[in-house]
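Visitor: Sequence and predicted structure below; questions after.
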Amino acid sequence: MTRLDAVIFDVDGTLVDSERDGHRVAFNAAFAEAGLPDRWDIDRYGDLLRIAGGTQRMAHWFESTGRSPAQAGELTERLHPIKTRIMRNLVEDGRIQPRPGARELIERLAARGIALHVATTGTRAWVEPLLRHAFGPVFDVVITGTEVPDLKPSPAVYLEVLARTRCAPEHVVAVEDSANGVLAATAAGLRCVAAQNAYTRSHDLSAALLVADGLDDPELVSWFDDQLSAASPRRR
């Protein structure tokens, strides 16, 4: 069994239930603040999630609802910072909660001296306070879309974590929830396990070593216990 030295987590939909009751709510509030009639219900937002990146999602929506490319670009540039501010407020108000099993898995890994990192294309303005509020100072390296703008399935954000930590890819596991995330992790040479959620159950996650129903899925818990049996404890 390959030794486990580090785990790199995605954030949205993986560590936290942030899409339906976080980002979607923030997008709708930004539309309302701008006086626009646009609203994304739960199912529509699930469809839009197939477009990677919040700005890209917003621009696509505006064009698909009859705005010109120029109008769509102007609206997106104006509204996305508003959406980010609202999302940060939701985070600081404690509205975005860890997924079941997230804290327990992190505690189990940390107790064995496994290095914990984050690779997300979310904006640091809300990612950083979310991780602090939800989990405390447990992550060694956090790379966000603010530092690496290439969206998953590009492996760029994972490669940046590996470069900064000097971790050997064969000794690292990524935890993702979506097809784009799994493809990004595996393209970086990492083993990947997928903890799917309601929005990603229809995704092709076949590139993952394991597809679980969540971070508290007994199969995922058992898989990590097996990996920890081969881990070499280290001082953090």
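Guide: Structure received. Residues are numbered from 1 along each chain as shown.

Visitor: Can you show me the helices along the protein?
Guide: With helices called from DSSP state H, the chain shows them at 24-33, 42-48, 54-64, 69-92, 102-111, 124-135, 156-165, 179-187, 218-228.

Visitor: so which of these is the most packed in?
Guide: helix 179-187 (a mean of 24; mean count of other CB atoms under 10 Å). Bear in mind the C-beta positions are built from the backbone N, C-alpha and C, glycine included.

Visitor: To Arg3, which of the helices of the chain lies closest?
Guide: Comparing the helices of the chain by their distance to Arg3 (CB to CB), the top pick is helix 218-228, with 8.8 Å.

Visitor: Report the inter-axis angle for that closest one versus helix 102-111.
Guide: Interaxial angle, helix 218-228 versus helix 102-111 (axes from the mean of the first three to the mean of the last three CA atoms, to 10 degrees): 10 degrees.

Visitor: which residues are contacting helix 218-228?
Guide: The set of residues external to helix 218-228 that reach it, using CB atoms under 8 Å, 6 or more residues apart in numbering, is 1, 4, 101, 105, 108-109, 112, 114, 173, 193, 195, 209-210, 212, 214.

Visitor: Not counting its neighbours along the chain, what's nearest Cys167?
Guide: Nearest residue to Cys167 in three dimensions, chain neighbours excluded: Ala6, at 5.0 Å (CB to CB, 6 or more residues apart in numbering).

Visitor: so the one you found bridges to which residues?
Guide: Bridge pairing for Ala6 (DSSP bridges) gives the partners Ala115, Val172.

Visitor: Distance check, Asp47 against Ser206.
Guide: As judged by CB to CB, to the nearest Å, Asp47 and Ser206 stand 21 Å apart.

Visitor: Likewise for Glu147?
Guide: Applying CB to CB, the value for Glu147 to Ser206 is 30 Å.

Visitor: neighbour-wise, which of the two wins?
Guide: Higher neighbour count among Glu147 and Ser206: Glu147, with 12 against 9, using other CB atoms under 10 Å.

Visitor: so what's the more buried one up against?
Guide: Glu147 neighbours (CB under 8 Å, 6+ apart): 124, 160.

Visitor: Mind pulling the model confidence for it?
Guide: pLDDT for Glu147: 97.

Visitor: Looking at the helices of the chain, spot the one closest to Arg201.
Guide: Nearest to Arg201, of all these, is helix 42-48, at 10.2 Å by CB to CB.

Visitor: can you list the residues that contact the closest one?
Guide: Contacts to helix 42-48, defined as CB under 8 Å, 6+ apart, come from residues 19-20, 23-24, 27, 40, 57, 60-61, 198-199.

Visitor: what's the domain layout of the chain?
Guide: Dividing the chain into domains by automatic domain parsing, as the record does, gives the ranges 6-17+97-228, 19-92.

Visitor: returning to that earlier point: quick one, what contacts the residue nearest to Cys167?
Guide: Taking CB under 8 Å, 6+ apart, one finds 114-117, 165, 167, 171-173 in contact with Ala6.

Visitor: If you rank the contacts of helix 218-228 by neighbours, which is first?
Guide: Within these, Ala195 tops the neighbour count with 28 neighbours, counted by other CB under 10 Å.

Visitor: Report the beta-bridge partners for it.
Guide: Counting by DSSP bridges, Ala195 is bridged to Ala212.

Visitor: how close does it sit to Val148?
Guide: Relative to Val148, Ala195 is positioned 22 Å away (CB to CB).

Visitor: Any regions of this protein where pLDDT drops low?
Guide: 1, 231-236 (pLDDT under 70).

Visitor: Could you list which residues are in contact with the spatially closest residue to Met87 that is not a sequence neighbour?
Guide: Sequence neighbours aside, Ala26 is the residue nearest to Met87 in space, at 4.1 Å (criterion: CB to CB, 6+ apart). Residues near Ala26 by CB under 8 Å, 6+ apart: 83-84, 86-87, 90.
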